[in-house]
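Novice: Got a predicted model here, sequence first, then my questions.
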Amino acid sequence: MVTMSDVAREAGVSMMTVSNVLTGRKRVGEPTRDRVLAAVESLGYEVNLTARHLRAGRTDTVALIVPSFHDYFGEVADRIAPLVEAGGRHLVVERTSADARTEMESLSVPRLRMYDGVLLSVAGLHSDELDRVPTSTPIVLLGEREVPQQFDHVRLANVEGARLATSHLLERGARRVLALGASVEASVGMESDRHAGWAEAHRAVGLVPDEHLVAPVPDFTSAAAYDAVSRLLDDGMPFDGVFAVNDTVAFGAVAALAERGVRVPDEVQLVGFDNLGVSRFVPPGITSVDPGYDVVAATAVRLLEQRMAGGDGPHEHVTVPVHLVERGSTRA
């Protein structure tokens with residue numbers, strides 16, 4: 001393997017001069033610079049960027065660690081990437097499949113040394129487990145779980161978003177609103193928060209939320225939502241509104257209703273959550289809660305940049321506001 005010493009000998013200069021040419025740290029005369037670059041070319045010398053970065057105490061790389069690359073997480077990654085790149089760093093995206101062990105492995109000391117900072121969307125780990133994570137590398141957490149105070153945290157207004165979606169359906173005449181993908185069993189997480197918002201919206205107008213209308217959806221996929229709604233229709237479960245915990249679940253519900261000849265929004269109105277880019281193209285256009293992707297991305301990157309720059313102020317726990325985007329799946 002060709003070394004920097006070989007380049008220096010070939011060019012007739014010191015190793016420090018070769019280093020200065022390759023890093024640009026100090027100005028080197030044009031003739032000397034040309035000799036060094038010619039030696040690099042003729043010998044086929046390759047700079048070991050990893051070693052250089054480790055010696056400099058930085059890698060110029062940020063990790064975004066998410067449960068999946070689909071739906072909400074894909075939208076967030078699309079917005080985070082240009083912000084990280086604008087700061088002169090590369091973005092590496094890892095997937096955990098919402099597995100707590102994989103999340104913890106991604107926060108191990110050897111893995112953290114690969115990055116200047118980490119953005120982790122927490123789906124499996126609990127607060128007491130996160131409490132044991134080393135904080136030598138800047139880490140900003142995303143997601144709905146409660147996290148220790150020693151981390152910056154960006155989360156969505158999940159309860160408020162679910163309340164907003166359900167209230168929209170109730171205001172437009174729905175009285176039996178299915179909470180599709182929510183859960184009465186989960187104590188933490190997205191499905192729990194969105195169940196809470198669904199229930200609060202009913203109580204706000206004097207209605208008792210009917211827990212029989214809470215229909216879990218495994219993996220929050222369109223196929224699972226299609227199966228769940230099909231079973232409810234087969235069982236004769238009456239409902240005139242659907243609050244789907246995400247747009248992907250909403251797509252499955254729309255397909256099941258259409259197959260049975262149930263008209264949306266004439267017979268059943270529907271609201272999703274996430275406002276995916278494709279949602280306006282799924283007939284009749286999905287009314288959806290927009291989670292504020294741009295604000296999530298900008299806030300997460302701002303907090304991480306502050307920590308990577310050496311900021312040691314109080315950690316921020318930010319809840320990003322949401323808003324409703326009305327389309328054809330609810331009545332005007």
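Specialist: In hand now; what should we look at? Just so it is clear, the model here is predicted, and its values are computed rather than measured. Numbering: from 1, shown residues only.

Novice: Show me the strands in the stretch 151-300 of the chain, by range?
Specialist: Assigned strands in the stretch 151-300 of the chain, in chain order: 152-156, 177-180, 214-215, 241-244, 269-273, 287-290 (criterion: DSSP state E, counting those that start in this stretch).

Novice: Dump these to TSV, plus distance to residue 43.
Specialist: Where you see a C-beta, it was placed from the backbone N, CA and C, and this is true even at glycine. Shown next, in TSV, are these (distance: least, C-beta to C-beta, whole Å):
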stretch	distance to residue 43
strand 152-156	46
strand 177-180	64
strand 214-215	67
strand 241-244	61
strand 269-273	58
strand 287-290	56
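
Novice: so of the ones you listed, which one's packed in deepest?
Specialist: strand 241-244 (a mean of 31; mean count of other C-beta atoms under 10 Å).

Novice: So which elements touch that one?
Specialist: When contacts are defined as 3 or more C-beta pairs under 8 Å, 6 or more residues apart in numbering; DSSP states H and E, strand 241-244 packs onto helix 158-171, strand 177-180, helix 247-259, strand 269-273.

Novice: Look up how far residue 193 lies from the residue positioned nearest the centre of the chain.
Specialist: Nearest to the geometric centre of the chain sits residue 73, at 3.9 Å (C-alpha atoms, centre = their mean). Noted for residue 73: a distance of 17 Å to residue 193, by C-beta to C-beta, to the nearest Å.

Novice: Over to residue 103?
Specialist: From residue 103 to residue 193 the distance is 19 Å (C-beta to C-beta).

Novice: hmm, back to that, make TSV out of the strands of the stretch 151-300 of the chain and add mean pLDDT.
Specialist: TSV is the format used below for the strands of the stretch 151-300 of the chain (pLDDT from 0 to 100):
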stretch	mean pLDDT
strand 152-156	96
strand 177-180	98
strand 214-215	96
strand 241-244	98
strand 269-273	98
strand 287-290	98
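
Novice: among those, which is nearest residue 165?
Specialist: Closest of the strands of the stretch 151-300 of the chain to residue 165 is strand 269-273, at 4.1 Å (criterion: C-beta to C-beta).

Novice: what sits up against the closest one?
Specialist: The list of residues contacting strand 269-273 from outside it, by C-beta atoms under 8 Å, 6 or more residues apart in numbering, reads 161-162, 165-166, 168-169, 172-174, 194, 240-247, 249-250, 253-254, 257, 264, 279, 286-289, 291, 324, 329-331.
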